[in-house]
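Participant: Return atomic coordinates for the entry below.
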Amino acid sequence: MFGIDVRQKAWSAGLIVLFFVAWELFCLMTGMSDLVLPRPSQVFVTLVQRFPVLWPHIVQTLATTMLGFVLGVALGVALGAIIGVSKTAYDTCYPLLIGFSSIPKVAVVPIFVLWFGSGTVPAVLTALSICFFPIVVNIATGLATTEPELEDVLKALGASKLDILWNVGLPRTMPFFFASLKVAISYAFVGAVLSETVASNRGIGNVMMTASSNFNVPLVFAGLFVLAGLGVALYVVFSLIEGQVTGWATRKNDVIAT
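Facilitator: Numbers count the residues shown, from 1 in each chain. Modelled structure (predicted):
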């Protein structure tokens, strides 16, 4: 199994490298202008050359994203738990959440700017407002999978609703929770960068907007590469934590695979 896993990862890495090679060759063979699609080599050179300048903006975007993400996780878990255990809360809150989630967040950013001014706060709130919804849905769904028969047995043994929620409901939501985290972190980056392009003078989003106005397309793509790298790194971190926390949920699949 270990050898197969290594070969699979090698194939995946090879396909990623092949993608960038194909991109490079396509630009060279077609004579593609840098203003339309820069070559990956140009993007990497720009990233290395401008990294000292980009670093403070990377830190700013990462900080606002993570703060919005953490607040979104806290809000999402709380709302998801309430909706998952209460039929009244489900009927009341769920339509409101769906309606709020359907609003394009680019329309919400000017409201945040009007309330809090430009800068970090709108970016944090935009990241929060985008990333909390999948967490709410997955937590509520995970709680809904608790069998009524199990709840009846626990109640017969003297367990309260809070005991059932804490000892059975929330642990059973862990696979759903970590699945939502991997989606939510990407959404948080989208929200933070969106706000930075509209109402901030710091962050990768602001760098990309400035570079775009100056027709510095390689720098725009360098910003995209940075965001992609940060997103993939955080995804891998959450996947590793998920494997440690929810290994019991995938153990059956592992046994079948062997």
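
Participant: Quick check, central residue of this protein?
Facilitator: I185 (1.8 Å; CA atoms, centre = their mean).

Participant: Check which element follows the strand or helix carrying that one along the chain.
Facilitator: Using DSSP states H and E, I185 sits within helix 174-199. Next helix or strand after helix 174-199 toward the C-terminus (DSSP H and E): helix 204-213.

Participant: rewinding a little: can you name the residues that contact the residue nearest to the centre of the chain?
Facilitator: 65, 69, 131, 231, 234-235, 238 (CB atoms under 8 Å, 6 or more residues apart in numbering). Any C-beta I mention is one placed from the backbone N, CA and C, and that applies to glycine too.

Participant: One more pass at 6 Å, please.
Facilitator: With contact set as CB atoms under 6 Å, 6 or more residues apart in numbering, I185 has these partners: 69, 234.

Participant: State the distance from it to L230.
Facilitator: Going from I185 to L230 by CB to CB, to the nearest Å gives 9 Å.

Participant: cool, Q42 as well?
Facilitator: To L230, Q42 is 21 Å away according to CB to CB.

Participant: cool, and I98?
Facilitator: Remark: distance between I98 and L230 (CB to CB) = 29 Å.

Participant: relative to helix 174-199, how tilted is whichever strand or helix holds Q60?
Facilitator: Take DSSP H and E as the rule and Q60 turns out to sit in helix 51-85. Here helix 51-85 points in a direction 130 degrees away from that of helix 174-199 (axes from the mean of the first three to the mean of the last three CA atoms, to 10 degrees).

Participant: Show the average pLDDT along helix 51-85.
Facilitator: Averaged across helix 51-85, the pLDDT comes to 89.

Participant: buried set for that helix?
Facilitator: 54, 57-58, 60-62, 64-69, 71-73, 75-77, 79-85 (16 or more other CB atoms under 10 Å).

Participant: For I139, which non-adjacent residue is closest in space?
Facilitator: Leaving aside its chain neighbours, I139 sits nearest to G80 (2.6 Å; criterion: CB to CB, 6 or more residues apart in numbering).

Participant: Could you pull up the residues touching that neighbour?
Facilitator: 136, 139-140.

Participant: Under the pLDDT cut-off, which ranges of the stretch 1-150 of the chain? List them.
Facilitator: Within the stretch 1-150 of the chain, the stretches with pLDDT under 70 are 1-6, 146-150.

Participant: Strands of that one, residue ranges please.
Facilitator: Secondary structure of the stretch 1-150 of the chain (DSSP state E, counting those that start in this stretch): no strands located.

Participant: which residues of it fall in helices?
Facilitator: Per DSSP state H, counting those that start in this stretch, the stretch 1-150 of the chain carries helices over the ranges 2-30, 40-49, 51-85, 87-102, 109-116, 120-144, 148-156.

Participant: Now do the third one against helix 40-49, angle only.
Facilitator: It stands for helix 51-85. Interaxial angle, helix 51-85 versus helix 40-49 (the same axes, to 10 degrees): 100 degrees.
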